[in-house]
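In: Next one to model:
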Amino acid sequence: MNSRAARSSTALVIAVWVALVVPLVTWAAESRSPLAVAFAVASALTWVAGGRALALWVRASSPRRAESVGGGTRPDRIALLVCVCDDLDAAAVVRSARQDVPVDVVLLDDSRDPGVMAQVDALASARGWRVLRRTDRSGFKAGNLNAGIARLRGRYDAYLVCDSDVVLDAGVARVCAAALADPAVAVAQASPAASPGRSRFARYFGPLLATHLAVTRRGRAAHGVTAFLGRGALVRAAAIDDVGGFPDAVAEDLAMTVRLRRRGWRIVDADVAFTEDYPIDYAAFRVQLRKTAEGAVEFLRHPERMRELALREGLDLGLETALVPVTALAGAIALTGGAALAGLGTPPPVWVMVVSAVAALAPLLPEAVRRARTRRLAAGLVFALAAGLLYTSVTFVVLAAVIRTVLGRRATFWVTPKSRSRRRAVALLRDEIVLVPLLAVGAIAASGSLAAAAGPAMPAAVAALFAWGALRGHARTHLAAPLAPRRRRGATAARRPRAVAQVSRGLPRTLAR
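Out: Just a heads-up that it's a prediction; the model follows:
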C-alpha cells in the first residue's frame, strides 16, 4: 500500500463509521425507545475502537520514516536502572546488563519481602552492582525512579529504564545512544516483544503483544506520534531534569510522554528490541488489565496535562487513553441494552451485531492474519476466536476498575503476578459476582423478560470458563509455590471443535504446536 493511501486511512475509517452510524441512529429514532437509543450510542462508541485499530493497521503498512540522527555527542555515561518490587528476575537482569557498550547497573529496589531484598543484595554483591532503596514508597514506579535519579544526579548522561522481567538485546544501549546524538531527542524507545513464556497461556497469547504494539507504534509514528513505553528506553538525564522528573502516576509512561512533548523534547523509536514476560495465567492477565484501566482513568482526570500539545498529538493520546474506559462502559451498555431489546421482542438488526463483532476483533486481526500466513488458515481463525473470548471475559474487570477510579478511589500500580494463581474461582471472579446481578436485574426490569439477563451473563460465563481452565492447569502442574500477593507499588485447527473446546483451558491445542 502506498503512503498516500496510508495517510488517508483515518479519513476513510471515519467515512465508513459515519456510513454505519447513520442507519443505526435512524433505526433507534424510529423505534422511539430510550433503550434503543442507549444501545445505538454505546455501539457507535465501541465501533470507534475497532475503526482506530484498522486505521493504525493500514498506516503501519506505509514505509517507515527514517529517524534523523543529529551531529551532537552521544551519551557515554549510561546507567541501567532496573525497577524491582518483590518481583526480581535475576536471570533477566543479568542478560539485560550484557550490553555491548559500558553501562553501570543500579537496582532500584522497592521490595517489602525480606527474602526478595536479600536476593537483590546478593545479586548486586556478586556482580558489583549498586542497590538503591527509599524509605518513602510514594509515587509508584515513578517515585522509585525519581528517588534513584536524585541520588545519581550528575553522574550519568542517560538512564536505560528497565523492569525486572525485561530482557534487553545486547545493542539497546548503543543503538539508543546513537539516537540521543540528536540534542532534541529525550527518549529512544526500543521495540517490545513477549518472551517465550513459562506457561501455555503465555506461549499462546504472548505473540499478540509484539504484533499489536508493532502495528500500533508504526501506525502512530506514521501520524507523527511516538510514545515512551516506560521500559526498554534510554532517557536523557537533562530532559528528566528539565521536566521535573517522572510524573507520580500509575500510567507514568503516558504522563512522561506528555510532559516531554510539552517541553518540546522528541521521542523516537530505535531499531532494537527487548522482551518481557506476558502474564503467566488468566489471573495475572486480569491484574494487568485492571492496572491499565485504573491508570487510564487517573490520567484522564487531569486533562490540563495535555495543554500546549500539538492538536494532533493531543487528540491521539487522548483518544488512545479514553478508549479503555469508554469501550468498557459502552460495551456493558450495548450488551445489556441489546439483551433487553431482544427480551422486548425488538432485537437490534443483525448487521449491527456483525459490525460490533468485527470492531471487537479488529485489534486482534494483525496477529490472526500473521498466524494464518505462517501456519494455516485454521490457526488464524482459532486464534481470533480464542483471543476475542479472552478479551470479552475481562469486560467486568475493566468496568469495575473504571467505576471505582471514577468514583474517587486512588489508582494503584498493581504488579502483575509472576507465579500461577492458586486463588479460588469465587475470589478471582469477584467483579463479575458484584456487577453481573446488578446489570441482569436492570435488563430484566427494562424488558420484563428473564432472557434479557443473557447479555451481561455472557462475558461472565466466558470469564468463568477461563478461570476454571486456569485453575485446572495449575492443579495439573502441581506447582507448590504460592502466588505472590498482588502488591501495590508505592502503596502498601484441523480439529476445530476440539480446539474451541480447549479455549476454556486458556489455550487451544490446535495452535499450541
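In: buried ones in the top helix by length along the chain?
Out: For the chain, the longest helix by residue count, based on DSSP state H, is helix 311-343. For helix 311-343, the neighbour count (16 or more other Cβ atoms under 10 Å) marks 313-314, 316-318, 320-343 as buried. (C-beta placed from N, C-alpha, C; glycine too.)
In: for stretch 175-188, same thing?
Out: Applying 16+ other Cβ under 10 Å to stretch 175-188 flags 175-182, 185-188 as buried.
In: Which of those fall within strands?
Out: In strands, judged by DSSP state E, the following of the buried residues of stretch 175-188 are found: 185-188.
In: Quick one: residues in contact with stretch 448-455.
Out: 335-340, 342-344, 439-440, 443-444, 446 (Cβ atoms under 8 Å, 6 or more residues apart in numbering).
In: For those residues, give me a markdown table that also has pLDDT and distance to residue 36.
Out: Shown next, in a markdown table, are these (pLDDT from 0 to 100; distance: Cβ to Cβ, whole Å):
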| residue | pLDDT | distance to residue 36 |
| --- | --- | --- |
| 335 | 89 | 14 |
| 336 | 90 | 13 |
| 337 | 90 | 8 |
| 338 | 91 | 10 |
| 339 | 90 | 13 |
| 340 | 90 | 10 |
| 342 | 89 | 12 |
| 343 | 86 | 13 |
| 344 | 87 | 9 |
| 439 | 90 | 18 |
| 440 | 90 | 19 |
| 443 | 86 | 14 |
| 444 | 89 | 17 |
| 446 | 83 | 11 |
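In: And these, which two are furthest apart?
Out: Largest separation among the contacts of stretch 448-455 by Cβ to Cβ: 344 and 439, giving 16.4 Å.
In: Looking at those two, which one has more neighbours?
Out: Neighbours per residue, other Cβ atoms under 10 Å: of residue 344 and residue 439, the larger number sits with residue 439, 23 against 17.
In: Which of the helices or strands spans the more buried one?
Out: Assigning secondary structure by DSSP states H and E places residue 439 in helix 430-447.
In: what's the burial count for residue 39?
Out: Neighbour count for residue 39, taken as other Cβ under 10 Å: 27.
In: buried set for stretch 403-418?
Out: So stretch 403-418, judged by 16+ other Cβ under 10 Å, has buried residues 403-405, 411-418.
In: out of those, which are inside helices?
Out: Counting by DSSP H, those place 403-405 in helices.
In: how far does stretch 158-170 stretch from start to finish?
Out: Taking Cα to Cα, to the nearest Å, stretch 158-170 runs 17 Å from one end to the other.
In: can you give me the offset of it from its chain's centre?
Out: 18 Å (Cα atoms, centre = their mean, to the nearest Å).
In: and if you look at stretch 448-457?
Out: Here stretch 448-457 shows a centroid-to-chain-centroid distance of 31 Å under the convention Cα atoms, centre = their mean.
In: buried stuff in that stretch?
Out: Neighbour count says stretch 448-457 has 449, 452-457 buried, by 16+ other Cβ under 10 Å.
In: Tabulate the residues you listed in JSON lines, adding columns for distance to residue 385 and pLDDT.
Out: What follows is the buried residues of stretch 448-457, written out as JSON lines (distance: Cβ to Cβ, whole Å; pLDDT from 0 to 100):
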{"residue": "449", "distance to residue 385": "29", "pLDDT": "83"}
{"residue": "452", "distance to residue 385": "25", "pLDDT": "85"}
{"residue": "453", "distance to residue 385": "24", "pLDDT": "88"}
{"residue": "454", "distance to residue 385": "19", "pLDDT": "87"}
{"residue": "455", "distance to residue 385": "20", "pLDDT": "87"}
{"residue": "456", "distance to residue 385": "21", "pLDDT": "89"}
{"residue": "457", "distance to residue 385": "19", "pLDDT": "91"}
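In: returning to what we had before: and the furthest pair within the buried residues of stretch 175-188?
Out: Most distant of the buried residues of stretch 175-188, by Cβ to Cβ, are 175 and 186, 16.0 Å apart.
In: any idea whether residue 162 is helix, strand or coil?
Out: strand (DSSP: H, G, I helix; E, B strand; the rest coil).
In: Now it: closest residue in space, sequence neighbours ignored.
Out: Computed as Cβ to Cβ, 6 or more residues apart in numbering, the closest residue to residue 162 that is not its neighbour in sequence is residue 82, at 5.0 Å.
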